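In: Mind folding the following:
(one chain, ligands or ions: 1)
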Amino acid sequence: MNLAEMPKFPLAQLPTPLMPARNLSAALGGPEILIKRDDLTGLALGGNKTRKLEYLIADAQAQGATHVITMGAVQSNHCRQTAAAARLAGLNCVLVMNASSDDPDIQGNLLLDHILGADTRVITDKTKRKETALHVAEELKEQGYVPYQIPGGGSNAIGAASYVAATYELMTQIIEQGASPSRLYTTSSASGGTHAGLALGAKLAGVPYAVHGVSIEGPADELKSIITPLANDTAEYLGLDIRLDESDVIIHDQYTGPAYGVATEECLQAIRMCARTEALLLDPVYTAKTMSGMIDHIRTGEIGSDETVVFLHTGGAPAVFADTDSIIPAMQGSGIQEKP
Ligand SMILES: Cc1ncc(COP(=O)(O)O)c(C=O)c1O
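Out: Numbers count the residues shown, from 1 in each chain. Just a heads-up that it's a prediction; the model follows:
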């Protein structure tokens, strides 16, 4: 399937801005930092999944779907954006979500799922998500409906292709702004579609930057073994003859902390610093951990003060409302007079 010909159900406000973060650069003593604002994709508080869902929802429609089913953690931004996308497309949405209890606080993304009227199925065993989703699909089929399964994170070749397209959008902005970034920082997750699409896009478009992923769950080797084949499935789906190997996928795994979703001290400081320099809201699960990696690379001199870097803001801020116990203590002080 040619990228330009992929059917798209319009959901996102594109292009998202590419904005200089001058106050943050100054606070860190350089380099020039550009933020690619995919938190502003515009669908029910935005985020990276909106790009993927444009293609995935179009595919669901092409297959005559009545329902979309997807899965994630209870604070999944992907589930929230899927619930919103389904509404716009006139589809029903079932979300299979794992939580630590079967009666989680209805806050953050889960609150938005409720407002959007998704059918939420909360389970406590994450390993049973796929099985539960398949079971829901069987039930729906028996009732005469047509379910369409969207993988966790929207991360298959169709979803990841959206970040190949996003690479061309970003390159257009880089050229227009006369910028020459040496690195692009993004979140690397175990679903991996965003990093896979960006890594493939980078190789395809011959970009000036290297894509640096920061792991928010799991060791670099594990993530590379997911992201590299996904990038290659995407290349195959798009009819491209290029392929990636694991050396094309750069992942830093020292900023993950104890586990997925557990805020680190450095990520809380990144939330504080970005809010108080740029009024930029990061989340403790994805973007703040990624930012903590980029900040560390700046502070340790791995990124030179004369370089330009792009930070991909993939969204996720609704999750701050679900982790106030970690966040509130780290935000003490007015921040008006203090140095960031
Ligand atoms: C805010 C945010 N950033 C990054 C990611 C990771 O994206 P991907 O699943 O494409 O790796 C997610 C996934 O849910 C997310 O919600």
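In: can you list the residues of the stretch 101-250 of the chain near the ligand?
Out: Neighbours of the ligand within the stretch 101-250 of the chain, by C-beta under 6 Å from any ligand atom: G153, S155, T187, S189, S191, G192, G193, T194, H195. The way it works is simple: take the backbone N, C-alpha and C, and place the C-beta from them, glycine included.
In: Phi first, then psi, for the fourth one.
Out: Its backbone dihedrals place S189 at phi -120, psi 170, with angles given as degrees, to the nearest 10.
In: How about the secondary structure of L95?
Out: What DSSP: H, G, I helix; E, B strand; the rest coil gives for L95 is strand.
In: top helix in the protein by residue count?
Out: For the chain, the helix with the greatest residue count under DSSP state H is helix 157-176.
In: Report the distance from that one to the chain centre.
Out: 14 Å (C-alpha atoms, centre = their mean, to the nearest Å).
In: same question for that helix, mean pLDDT?
Out: Averaging pLDDT along helix 157-176 yields 98.
In: Stretch 323-330 near the ligand at all?
Out: No. Stretch 323-330 lies out of reach of the ligand by C-beta under 6 Å from any ligand atom, never closer than 13.3 Å.
In: mind checking how far that stretch is from the chain centre?
Out: 22 Å.
In: which parts of that stretch are buried?
Out: For stretch 323-330, the neighbour count (16 or more other C-beta atoms under 10 Å) marks D323, S326, I327 as buried.
In: thinking again about what came up before, pull the residues that contact the helix or strand following the longest helix of the chain.
Out: Counting by DSSP states H and E, the element after helix 157-176 in chain order, helix or strand, is strand 183-188. Residues from elsewhere that reach strand 183-188 (C-beta atoms under 8 Å, 6 or more residues apart in numbering): 36, 170, 194-195, 198, 202, 207, 209-216, 223, 227, 251, 286-287, 289-291, 293-294, 303, 307, 309-312, 314.
In: okay, the buried residues of stretch 323-330 in CSV with secondary structure and pLDDT next?
Out: Formatted as CSV, the buried residues of stretch 323-330 follow (DSSP: H, G, I helix; E, B strand; the rest coil; pLDDT from 0 to 100):
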residue, secondary structure, pLDDT
D323, coil, 96
S326, helix, 96
I327, helix, 97
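In: nearest to A65, of these?
Out: D323 (33.5 Å; C-beta to C-beta).
In: picking up where we left off before, weed out the non-buried ones from the contacts of strand 183-188.
Out: Members of the contacts of strand 183-188 classed as buried by 16+ other C-beta under 10 Å are 36, 170, 194-195, 198, 202, 207, 209, 211-216, 223, 227, 251, 286-287, 289-291, 293-294, 303, 307, 309-312, 314.
In: From the residues you listed, which land in strands?
Out: Among the buried ones among the contacts of strand 183-188, the members found in strands (DSSP state E) are K36, V211, H212, G213, V214, S215, I251, V309, V310, F311, L312.
In: can you give me the helices for the stretch 201-340 of the chain?
Out: 220-237, 265-278, 287-299, 324-330 (DSSP state H, counting those that start in this stretch).
In: Low-confidence bits of the stretch 51-200 of the chain, can you list those?
Out: Along the stretch 51-200 of the chain, segments meeting pLDDT under 70 are nowhere present.
In: CA-only coordinates of the longest helix of the chain in PDB, if you can.
Out: C-alpha atoms of helix 157-176 as PDB (Å, rounded to 0.1, in the frame of the first residue of the first chain):
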ATOM      1  CA  ALA A 157       2.000  -1.700  10.300                       C
ATOM      2  CA  ILE A 158      -1.100   0.500   9.600                       C
ATOM      3  CA  GLY A 159      -0.700   2.500  12.800                       C
ATOM      4  CA  ALA A 160       3.100   2.800  12.500                       C
ATOM      5  CA  ALA A 161       2.800   4.100   8.900                       C
ATOM      6  CA  SER A 162       1.400   7.300  10.400                       C
ATOM      7  CA  TYR A 163       4.700   8.100  11.900                       C
ATOM      8  CA  VAL A 164       6.400   7.500   8.500                       C
ATOM      9  CA  ALA A 165       4.000  10.200   7.200                       C
ATOM     10  CA  ALA A 166       4.700  12.400  10.300                       C
ATOM     11  CA  THR A 167       8.400  12.300   9.300                       C
ATOM     12  CA  TYR A 168       7.600  14.100   6.100                       C
ATOM     13  CA  GLU A 169       5.500  16.600   7.900                       C
ATOM     14  CA  LEU A 170       8.300  17.200  10.400                       C
ATOM     15  CA  MET A 171      10.900  17.500   7.600                       C
ATOM     16  CA  THR A 172       8.800  20.100   5.800                       C
ATOM     17  CA  GLN A 173       8.800  22.200   9.000                       C
ATOM     18  CA  ILE A 174      12.500  21.700   9.600                       C
ATOM     19  CA  ILE A 175      13.200  22.900   6.100                       C
ATOM     20  CA  GLU A 176      10.800  25.900   6.400                       C
END
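In: Thanks again, I'm all set now.
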